[in-house]
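> Okay, sequence plus prediction incoming.
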Amino acid sequence: MQPLSAGSGLEAGVCKSKEAEIKRINKELANIRSKFKGDKALDGYSKKKYVCKLLFIFLLGHDIDFGHMEAVNLLSSNRYTEKQIGYLFISVLVNSNSELIRLINNAIKNDLASRNPTFMGLALHCIASVGSREMAEAFAGEIPKVLVAGDTMDSVKQSAALCLLRLYRTSPDLVPMGDWTSRVVHLLNDQHLGVVTAATSLITTLAQKNPEEFKTSVSLAVSRLSRIVTSASTDLQDYTYYFVPAPWLSVKLLRLLQCYPPPDPAVRGRLTECLETILNKAQEPPKSKKVQHSNAKNAVLFEAISLIIHHDSEPNLLVRACNQLGQFLQHRETNLRYLALESMCTLASSEFSHEAVKTHIETVINALKTERDVSVRQRAVDLLYAMCDRSNAPQIVAEMLSYLETADYSIREEIVLKVAILAEKYAVDYTWYVDTILNLIRIAGDYVSEEVWYRVIQIVINRDDVQGYAAKTVFEALQAPACHENLVKVGGYILGEFGNLIAGDPRSSPLIQFNLLHSKFHLCSVPTRALLLSTYIKFVNLFPEVKPTIQDVLRSDSQLRNADVELQQRAVEYLRLSTVASTDILATVLEEMPPFPERESSILAKLKKKKGPSTVTDLEDTKRERSVDVNGGPEPAPASTSAMSTPSPSADLLGLGAAPPAPAGPPPSSGGGGLLVDVFSDSASVVAPLAPGSEDNFARFVCKNNGVLFENQLLQIGLKSEFRQNLGRMFIFYGNKTSTQFLNFTPTLICSDELQPNILGFITKPVDPTVEGGAQVQQVVNIECVSDFTEAPVLNIQFRYGGTFQNVSVQLPITLNKFFQPTEMASQDFFQRWKQLSNPQQEVQNIFKAKHPMDTEVTKAKIIGFGSALLEEVDPNPANFVGAGIIHTKTTQIGCLLRLEPNLQAQMYRLTLRTSKEAVSQRLCELLSAQF
């Protein structure tokens, strides 16, 4: 860059150190400041020169705190260079809240009204660069007039369209729809392709929000697209890119057409011709070997295929698109292989092209085996999953299992879920299904989630014809020297229910079954051991001849005096049950599990959650009814009447309830139903009442997520929480304030019968039963809000300190407002929605005395902490506080508006809440009122 002034010019680039540069710049800033404040008026050239220097200094990373007025003055110049520097300075340095914004807006208005295309272009560029809400308020109504005016130059139309697009993206509520919308559509017929390109970008964005306003653009877009794709590259010389005519405009037009369903037959015929022409050109030999040519050509092709898939109405085009994509599956360019696989995943969901996609199965399988890029391999797995049906399910499942052994760790869990779903969905022979899932556990046991092996249990229990085979197969699988723990779980459950079906074979007699399972016992985790103990008591009912052997195991010190309270409790109860119960009672208590009720597969639900709402599975369900009924009874009942079931979420044998598998209740280390049994004490301990002062602490957490929930001379409980939509995560910190160990430290999460169906909380990480003196341990609670609720769960902590039993209960601050998502609203939208919620059942109002000093900033902080958005300048009375938000639950979303009116003289508040549900309004009003 040339020095910005002669002699004493700004030449910071040649400084040898940062200090020298700063010194040089400070000297220049002092010089410029003196020039601006001098008595002698500066001419336009000098003013431009110094403003340009300030801009350069700012771009070097130094703060500029003067010169803004001089830049604004340059806007009134009639010289292009001076006006350009003024606009450039303003675009970069002037804040939207500046006091000069009114002067700047006046200068911009003058330039827009000047009809000078150069000046109008500079003004439009400045508006788009700043793009602030203030700019939108000032010019959103003016720019459409410039855009559709008949005498506006083409270059100005381009700038106006892109400027309006920028304002609509930043402040859509300030861009009014009006008569200009029908006229802007006709810009698609403009002779200048630059204007058409800019207008297409604008119309596409507007049509996504207001499709009815711009539906006439479809026929015009098809007409313009037809002219482009049928033209020779020489016809559009200025807009031909490496022998591809107007590729950017073609892509934009194809994207615009994806905002609408297939057009009328007359227009559809012309559009089909265009798409066929694009597909035909893709088959032609390349006109250039340069990558730019192939990129432009393929960009138009893939966008055309996206439109064909979107319309999903032309079988011939869908099949041709599939064949074209098939040619890219072996292309040397990785990105093309990826895009081809991704597009074919969507094509596989169409009834017209599904068979055509299946013809490429061998190529896709080969890609899975040989592809070096993990993202392409993942798309290959997605495509195999999408193209699977009854005819090819065994082949695809076998290939995915084969690939699973060497698959990247990042995608193994997803492959496991997909294999489990396909094996279940297309299982004609359920023996194949059982073999597949057991093979899955063998190959990738660590990635087989609880939902997968729960699902095996559900299907085996619901189908009598497979129970004997399943028992025989798992018995044989368990004989391997090394078995994955998930296989032990499945084997324990199935043999406990159906081991009698194979007991007639001397090779799988009851005693051999028991010894085989018990040989795995010491290698398993606590939840699996708990499940095996339940299997043993089942064996007592199924096989009376092994009862003494099992009682000896239950009677052993390793069980009755086990350090884990869950195992200890099961051993004690099962031993007692086997001793005192008669044969009839035992048979009734330990009867076979009934079939599970029909429900959506929890594996499919997990895959949808993992992949998002627009998965291939969703497309398959909505666009194509190829799928058969889900085999088996999908989801088990969340509880069983069998006495064998206990509330332990990770080890419950009979209550393999719905996903998520861990209901609100005790953690794995805790006892059943909130009752902890200590076999060494005289009586069972019960849950303590709430600790003194815990209610006040609970109220403080309504508007905050972090802090100390409870503290006494022994124990401190701290919380750190985060919530998003209907999900939450709470980190609970238990601190031992003494120098003595806490023994048998057992936290239990307790939900009342009323609360339990509405909120699911499950502890994902059990706490070590021993907490050293001065140590702190952490526990994580995951929360899901199923529907609105009023009560809060209770956290009960029981432990021994110095031989004394301690029992503490506190309310966990999980309140309805934690699932608030703030919503920004303009004043007009707020009061329109306020009037809609005018039924007496939807409004709750409370007038109450202020308990704390009425500080405005504190009140704002509490409303924001409560979870709603604080809406400024909405209420006519500036002293009032207005908020808006949405309560997210799993079953519904509840909009909420609130208005808090303080009366400083009377030291009173009036709080009004309006929601679509009376109980929600009441609860939120109670919670918020208590904060003031």
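Structure received.

> Now tell me what touches stretch 106-123 from outside.
72, 75-76, 80, 83-84, 87, 124, 126-127, 138-139, 142, 146, 151, 153, 155-156, 159 (Cβ atoms under 8 Å, 6 or more residues apart in numbering). For glycine as for every other residue, the C-beta is placed from the backbone atoms N, C-alpha and C.

> Check stretch 298-310 too.
244, 247, 250-251, 254-255, 257-258, 275, 278-279, 282, 314, 317-318, 321, 324-325, 336, 339, 343, 346-347, 350.

> hmm, back to that, which of the contacts of stretch 106-123 are buried?
Buried members of these, counted by 16 or more other Cβ atoms under 10 Å: 72, 75, 83-84, 87, 124, 126-127, 138-139, 142, 146, 153, 155-156, 159.

> tell me which of those residues is nearest to I32?
V72 (16.1 Å; Cβ to Cβ).

> my read: that closest one touches N105, true?
No. Using Cβ atoms under 8 Å as the test, V72 is too far from N105 to be in contact (10.6 Å).

> Can you tell me the closest non-neighbouring residue to A356?
Nearest non-adjacent residue to A356, counting by Cβ to Cβ, 6 or more residues apart in numbering: C322, 4.1 Å away.

> According to the record, where do the domains of the chain fall?
Domain assignment of the chain by the TED database yields the ranges 1-93, 315-387, 399-463, 470-593, 694-814, 817-930.

> Tell me the span between the first and last residue of the longest one.
Right, the one you point to is domain 470-593. 15 Å (Cα to Cα, to the nearest Å).

> Determine how far stretch 22-31 lies from the middle of the whole chain.
Chain-centre distance of stretch 22-31: 51 Å, with Cα atoms, centre = their mean, to the nearest Å.

> Can you mark which positions in that stretch are buried?
R24, I25, E28, L29.

> correct me, but the first one touches V14?
Read that as R24. No. R24 lies out of contact with V14 (Cβ under 8 Å); the separation is 9.1 Å.

> got a list of what F543 touches?
F543 is in contact with G499, N500, A503, P510, F514, counting by Cβ under 8 Å, 6+ apart.

> scratch that, I502 is what I was asking about
Contacts for I502 (Cβ under 8 Å, 6+ apart) come out as G468, A471, K472, F475, S508, Q513.

> ok, and the closest non-adjacent residue to the last one?
In this case it means Q513. Nearest non-adjacent residue to Q513, counting by Cβ to Cβ, 6+ apart: G499, 5.2 Å away.

> what do you get for the first one?
Sequence neighbours aside, L501 is the residue nearest to G468 in space, at 4.2 Å (criterion: Cβ to Cβ, 6+ apart).

> So the closest residue to A407 other than its chain neighbours versus Y447, what's the distance?
Leaving out its chain neighbours, the residue that sits closest to A407 by Cβ to Cβ, 6+ apart is I415, at 5.9 Å. I415 is 8 Å from Y447, where distance means Cβ to Cβ, to the nearest Å.

> of these two, who's got more company?
Counted by other Cβ atoms under 10 Å, I415 and Y447 do not tie: I415 has more neighbours, with 23 against 20.

> That one sits in which helix or strand?
helix 409-425 (DSSP states H and E).

> Residues contacting the helix or strand following that helix, please?
For helix 409-425, the following helix or strand on the C-terminal side (DSSP H and E) is helix 430-444. With contact meaning Cβ under 8 Å, 6+ apart, helix 430-444 is reached by 394, 397, 401, 404-405, 412, 415-416, 419-420, 423-424, 427, 448, 452-453, 456, 459-460, 463, 465-466, 469-470, 473-474, 477, 484, 486-487, 490, 631.

> Try it again at 6 Å.
Outside helix 430-444, the residues that touch it by Cβ atoms under 6 Å, 6 or more residues apart in numbering are 397, 404-405, 412, 416, 419, 423, 427, 448, 456, 463, 466, 469-470, 473, 477, 484, 486-487.

> Drop anything exposed from these.
Burial of these was assessed by neighbour count (16+ other Cβ under 10 Å); the buried members are 397, 404, 412, 416, 419, 423, 427, 448, 456, 463, 466, 469-470, 473, 477, 484, 486-487.

> Show me those residues that map onto helices.
Applying DSSP state H to these, the entries found in helices are 397, 404, 412, 416, 419, 423, 456, 466, 469-470, 473, 477, 486-487.

> with these in mind, which one is nearest to I732?
Of these, the one sitting nearest to I732 (Cβ to Cβ) turns out to be N486, at 28.7 Å.

> on that earlier part again, check the residue nearest to A407 and give its pLDDT.
On pLDDT, I415 comes in at 89.

> And F799, by the same measure?
87.

> Assess the claim that it and Q806 are in contact.
Yes. Between F799 and Q806 there is a contact at 5.3 Å, judged by Cβ atoms under 6 Å.

> So between these two, which is more surrounded?
Neighbours per residue (other Cβ under 10 Å) separate F799 from Q806, with F799 holding more: 23 against 18.

> Before we go further, the more buried one is sitting in a helix, right?
No. Counting by DSSP: H, G, I helix; E, B strand; the rest coil, F799 falls outside a helix, being strand.

> contacts for stretch 273-290?
Contacts for stretch 273-290 (Cβ under 6 Å, 6+ apart): L225, S226, V229, Y242, F243, L301, A304, L317, R320, Q324.

> Is the closest residue to the fifth one other than its chain neighbours within a helix or a strand, and which one?
With Cβ to Cβ, 6+ apart as the measure, K287 is the residue that lies nearest to F243, at 4.2 Å, once sequence neighbours are left out. In this assignment (DSSP H and E), K287 forms part of neither any helix nor any strand.
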